[in-house]
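K.L.:
I'd like to go over a predicted model; first the sequence, then the structure.
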Amino acid sequence: MATGTFDLIHPGHGYYLQQSKNLAGEDGKLVVVVARDITVRKRKRVPIVNEDQRLEVVNMLKPVDEAYLGHTTDMFKIVEEIDPDIITIGPDQDFDLDAIREELSKRNLKAELVKITGYKQSQLDSSCKIIRKIKETEFHEDALKHC
């Protein structure tokens with residue numbers, strides 16, 4: 001199971017999901033949990049793309065076998081429902097891994113927690129960098145007519 005916001009898909013997302021899929025092995029599958037809009041607002045910022053569209057796009061990505069929206073109040077509820085063998089945490093996710101392990105144990109969930117440490121470096125390798133680039137770009141009015 002991989003989790004994340006997946007707002008404005010970029011190469012870092014692809015790398016994270018492929019590394020997560022690799023941990024599943026040949027016969028395993030990758031299930032992705034996409035954060036709900038309310039969760040994104042609490043932890044990061046206002047999402048650019050709404051949760052339904054983010055879920056749709058994640059479902060289209062090659063490494064992903066299944067994708068679901070998370071729950072709005074209890075992030076462990078979806079973990080209980082799916083009961084994965086492994087949960088991956090992205091390199092830019094700032095969760096307290098010990099606290100997650102403790103909560104998994106309390107709920108009698110046996111999932112191994114793995115922090116993906118590599119990252120696909122590129123010019124626009126985060127949603128924030130993409131947002132900044134858009135804000136800094138001067139678009140001519142003629143170009144915007146085609147948008």
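P.N.:
Sure thing, it's come through.

K.L.:
give me the number of neighbouring residues for the closest residue to Leu124 other than its chain neighbours.
P.N.:
Using C-beta to C-beta, 6 or more residues apart in numbering and skipping residues adjacent in sequence, the residue nearest Leu124 is Ile130, 5.0 Å away. Where C-beta positions appear, they are placed from N, C-alpha and C, glycine not excepted. The local packing of Ile130 (other C-beta atoms under 10 Å) involves 17 other residues.

K.L.:
the one 10 residues further on too?
P.N.:
Using other C-beta under 10 Å, His140 has 7 neighbouring residues.

K.L.:
what's near enough to touch it?
P.N.:
Not one residue lies near His140 by C-beta atoms under 8 Å, 6 or more residues apart in numbering.

K.L.:
just confirm the residue nearest to Leu124 is within a helix.
P.N.:
Yes - assigned with DSSP: H, G, I helix; E, B strand; the rest coil, Ile130 falls within a helix.

K.L.:
chain center to stretch 102-117: distance?
P.N.:
17 Å (C-alpha atoms, centre = their mean, to the nearest Å).

K.L.:
again, but for stretch 72-92
P.N.:
Counting by C-alpha atoms, centre = their mean, stretch 72-92 comes out at 11 Å from the chain centroid.
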